[in-house]
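> sequence unavailable; structure follows:
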């Protein structure tokens, strides 16, 4: 299996622009997670999907962030408009069934907002 | 609310020496415990986890961690490190039950193995 696939790997954009991050989970996994990693705050869970349905979005920082999972093999995280404080590494992870199952992380998208 | 404290942000150690990476947690409920490893420019990978049973858990590459409920600790140890162990290590905790998907991570410990 190819593992969790994320694109792009790097993104540089200007403040105010829309940013879309993409994730393909491991085939057969029913749970998908979006995390954000920064030096100041460490690794934070943004949103959790189970069977394509958002279960917990309490970590989404504000209305500028939105996430979708239209099918079992694809998810997006969108930031509109982007701000410099959104600069971070964004990880997507998937697991078989949520719970305490092992989460498999993608390589991350490094976002820089100028 | 849960919290995880990794007491050392950086740990340098010579090759073939032993190492201990410390992790303490705080939670009002029973927890599951995890160690993840992140190699440069990669995502996190599960190293080992404690769910129940024996308090000593081992990984396939020689690391081990022991759950100590009274001290609320889950320290990671390896008796002899290799250059390839250079990475950042994250301790994480989740509630037992409906919220077990939600991992709370520590800030990480960067292990540097010196030849």
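Cool, the structure landed. In this text, all values refer to a predicted model and were calculated from it rather than measured experimentally. Numbers count the residues shown, from 1 in each chain, chains lettered A, B, ... in the order given.
> interface residues of chain A facing chain B?
Within reach of chain B by Cβ under 8 Å from any Cβ of the partner chain, chain A has these residues: A:4, A:31, A:33, A:42-43, A:45, A:48, A:50, A:55-56, A:91, A:93, A:95, A:98-100, A:102-108. Using the backbone N, CA and C atoms, a C-beta is placed for each residue, glycine as well.
> what pairs with the host helix or strand of residue B:67, parallel or antiparallel?
Residue B:67 is part of strand B:64-68, with elements assigned from DSSP states H and E. Strand B:64-68 has the following sheet partners, assigned by DSSP bridges: strand B:56-58 (antiparallel), strand B:73-78 (antiparallel).
> beta-bridge partners for residue 37, please?
Just so you know, I chose chain A. Taking DSSP bridges as the rule, residue A:37 bridges to residue A:43, residue A:89.
> wait, chain B was what I had in mind.
Partner residues in beta bridges with residue B:37, using DSSP bridges, are residue B:45, residue B:89.
> quick one, what contacts it?
The contact partners of residue B:37, taken as Cβ atoms under 8 Å, 6 or more residues apart in numbering or on different chains, are B:44, B:45, B:47, B:87, B:88, B:89, B:90.
> out of these, which are buried?
Neighbour counting with 16 or more other Cβ atoms under 10 Å in any protein chain shown marks B:44, B:47, B:87, B:88, B:89, B:90 as buried within these.
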